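K.L.:
the following block contains a protein sequence and its predicted model.
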Amino acid sequence: MFQHFVRTAAPDTRSSFIPTTLEPRSSKPTVASLSQRELDVARLELLRRRVTTFATVVGAIIILLAIVQWWIATFLLKQQVAGPSYPGLFTGFWVGIALMVMPRIRRKSLQQATLKNLVRRTNWIVIITVLSQTPSAELLARGFTQVLRPLGFEGNLGPIFVLVIFMVLVHSTAALIVPWTVKEALVAPLAWMAVTLLASLFGTDSANFRYLGLGLTFAAGVPGVLITFFRSSGLRELLGLRRIGERYAEAEREMAFARRLHERLFPQPIRDGAIRLEYAYEPMRQIGGDHLDATRAADGSLLVVITDVTGHGVAAALAVNRLHGELKRLLAENPAASPASLITSLNRYVHLTFSDESVFATAVAVRLATDGRATLCIGGHPPPLLRAANGAVTTIDSTAPMLGPFAPDEFTASEINVHVPAGASLILYTDGAIEGKNAAGHELGIPALQRAVETGPSAAALAPALLAAVAAHRAGPADDDVLIAVLTMSPD
């Protein structure tokens, strides 16, 4: 889940961030939206983690069977295991050890293997482990027959029955651990069936017994295939959801990095000198479409420009970044540019670059001199508030239309001059500060914000206090970016 952050000018740092909850605004992604290639990538990552586990489990099963063979030969059948009559005991033991050790020795190779290669290896593990039990299958069959005698069993189990049971055990274990598809799960049973068929061609068994052996060989793979079939849909869903989770995590990392870059566009608070600047910013999402720029001129005056791009999130932030670059270019060419000329130039830029995508902006530019003379140009922006030292508040009306809808030859921007005496403040804000709705659906509005300014604390703490008032009125999370800046003439 994404978070957004409230930024306030802290006394000892550039800015501080208070996390608040943001409700998801997009529909839940579905696994169906992922491509087959992405699912294969997710399956490969899972298989790389599980192939060692699978080999370890199968190796442990083989070693356990070797111990069972030793017990059968030594105690049940009263025979010795040291001679060459029981090679399966030693074969199974060393195969089991190899399966448990080799994946760990070749861990790097497994991490570089492809999906097709790893699937082939898991099938080879199944086939080799089953074949490794062939030398001891008759011993195990004799032992199991002996165990079944007290239960009334009168026949004799053949080696094929032991191998079938072992195949069921190993193949079903693989189906539970390895993220196979049904097609991949069929490879080992069919390969073993082919080996059995070739072996039967050189044997002396009757045709009926051969058919029975082949049927049992095929049936040994049925449980594992069924397990794979029933797990496949759930596995696809699991891998898809994991992939979506990875996408979200990657998006969050990228958004966090983008937020850090976006924050660097904002100036540091100004807390000394004749002109002071404090601000508070709450983007609706991690990054937003509001921006504040402050530039000190050679004569000591301070130029403050606030822009508010329509829309929210990444698209608005991208537009803000481009506007920031254009503003810096304009000021580099003419540091003494008037507010009206800046607003006019920004309108031209927005109209030529964004208007075809229905992206517009509002803006306010203020140049405040050290003697308190302020020149403002307000392009479709909410009216700034002038708070006198005694707390009285007046509004300053707009002097230009919104940026973007009008072509450069149709756009006219004028200026207004006001006096900001010592101890007085200019409060600039974006429309998110006055358009937040309460539970009844009523916006805060300019009059309520004006009252909050009148009764608010000193200029140094006014911006965060106003932001808190906006949040207190609003029902639920912010549905627009909120930026509040306070320009104050020092009372000293």
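P.N.:
All right, it came through fine. Please read these numbers as outputs of a predicted model, since none were measured by experiment.

K.L.:
which residues of this protein fall in strands?
P.N.:
3-8, 16-21, 275-282, 290-296, 302-309, 361-368, 373-379, 385-387, 393-395, 416-419, 425-429, 482-489 (DSSP state E).

K.L.:
the ones you listed: which one's closest to residue 467?
P.N.:
strand 275-282 (4.2 Å; Cβ to Cβ). In this view, the C-beta of every residue, glycine as well, is placed from N, C-alpha and C.

K.L.:
low pLDDT regions in this structure?
P.N.:
Applying pLDDT under 70 to the chain picks out residues 1-34, 78-89, 200-210.

K.L.:
where do the domain boundaries of it fall?
P.N.:
Per automatic domain parsing, the structural domains of the chain span 31-244, 265-489.

K.L.:
can I get those domains in TSV with distance to residue 252?
P.N.:
Listed next are those as TSV, based on distance: least, Cβ to Cβ, whole Å:
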stretch	distance to residue 252
domain 31-244	13
domain 265-489	8
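
K.L.:
neighbours of the closest residue to residue 455 other than its chain neighbours, just the number please.
P.N.:
Sequence neighbours aside, residue 391 is the residue nearest to residue 455 in space, at 7.7 Å (criterion: Cβ to Cβ, 6 or more residues apart in numbering). Residue 391: 10 surrounding residues under other Cβ atoms under 10 Å.

K.L.:
wait, residue 50 touches residue 175, no?
P.N.:
No. In this structure, residue 50 is not within contact of residue 175 by Cβ atoms under 8 Å, at 11.9 Å.

K.L.:
so for those two, which residue has more residues nearby?
P.N.:
When neighbours are counted by other Cβ under 10 Å, residue 50 and residue 175 differ, and residue 175 comes out ahead with 25 against 17.

K.L.:
ok, that one to residue 144 distance?
P.N.:
24 Å (Cβ to Cβ, to the nearest Å).

K.L.:
close enough to count as contact, residue 277 and residue 267?
P.N.:
Yes. With contact defined as Cβ under 8 Å, residue 277 counts as touching residue 267 (7.3 Å).

K.L.:
find the residues that touch each one of the two.
P.N.:
residue 294 (Cβ atoms under 8 Å, 6 or more residues apart in numbering).

K.L.:
and the angle for the longest helix belonging to the chain with strand 275-282?
P.N.:
The residue-count maximum for a helix in the chain (DSSP state H) belongs to helix 222-263. Computed by axes from the mean of the first three to the mean of the last three Cα atoms, to 10 degrees, the angle separating helix 222-263 from strand 275-282 equals 160 degrees.

K.L.:
re earlier: burial-wise, tell me which of the domains of the chain comes out on top.
P.N.:
Of the domains of the chain, the one with the most neighbours on average (mean count of other Cβ atoms under 10 Å) is domain 265-489, at a mean of 19.

K.L.:
show the end-to-end separation of it, please.
P.N.:
End-to-end distance for domain 265-489: 24 Å, by Cα to Cα, to the nearest Å.

K.L.:
ok now it, how far from the chain's centre?
P.N.:
Chain-centre distance of domain 265-489: 33 Å, with Cα atoms, centre = their mean, to the nearest Å.

K.L.:
over to stretch 185-195?
P.N.:
41 Å.

K.L.:
any residues touching that stretch, and which ones?
P.N.:
123, 126-127, 130-131, 167, 171, 174-175, 214, 217-218, 220-222, 224-225, 228.

K.L.:
among these, which ones are in helices?
P.N.:
123, 126-127, 130-131, 167, 171, 174-175, 214, 217-218, 220, 222, 224-225, 228.

K.L.:
run through the residues that contact residue 424.
P.N.:
Residue 424 makes contacts with 372, 386, 387, 388, 389, 488, 489, as judged by Cβ under 8 Å, 6+ apart.

K.L.:
kindly report the same for residue 232.
P.N.:
181, 182.

K.L.:
pretty sure residue 487 contacts residue 364?
P.N.:
No. Counting by Cβ under 8 Å, residue 487 stays clear of residue 364, with 10.9 Å between them.

K.L.:
residues that sit against both of those two, list them.
P.N.:
With Cβ under 8 Å, 6+ apart, residue 487 and residue 364 have common neighbours residue 428.

K.L.:
who wins for proximity to residue 250 among the domains of the chain?
P.N.:
For residue 250, the closest of the domains of the chain is domain 31-244, at 10.5 Å, according to Cβ to Cβ.

K.L.:
just give me how far that closest one sits from the chain centre.
P.N.:
38 Å.

K.L.:
please tell me how far the residue lying closest to residue 132 once chain neighbours are set aside sits from residue 60.
P.N.:
If the residues on either side of it in the chain are set aside, residue 132 comes closest to residue 95, at 4.5 Å by Cβ to Cβ, 6+ apart. Using Cβ to Cβ, residue 95 is found at 12 Å from residue 60.
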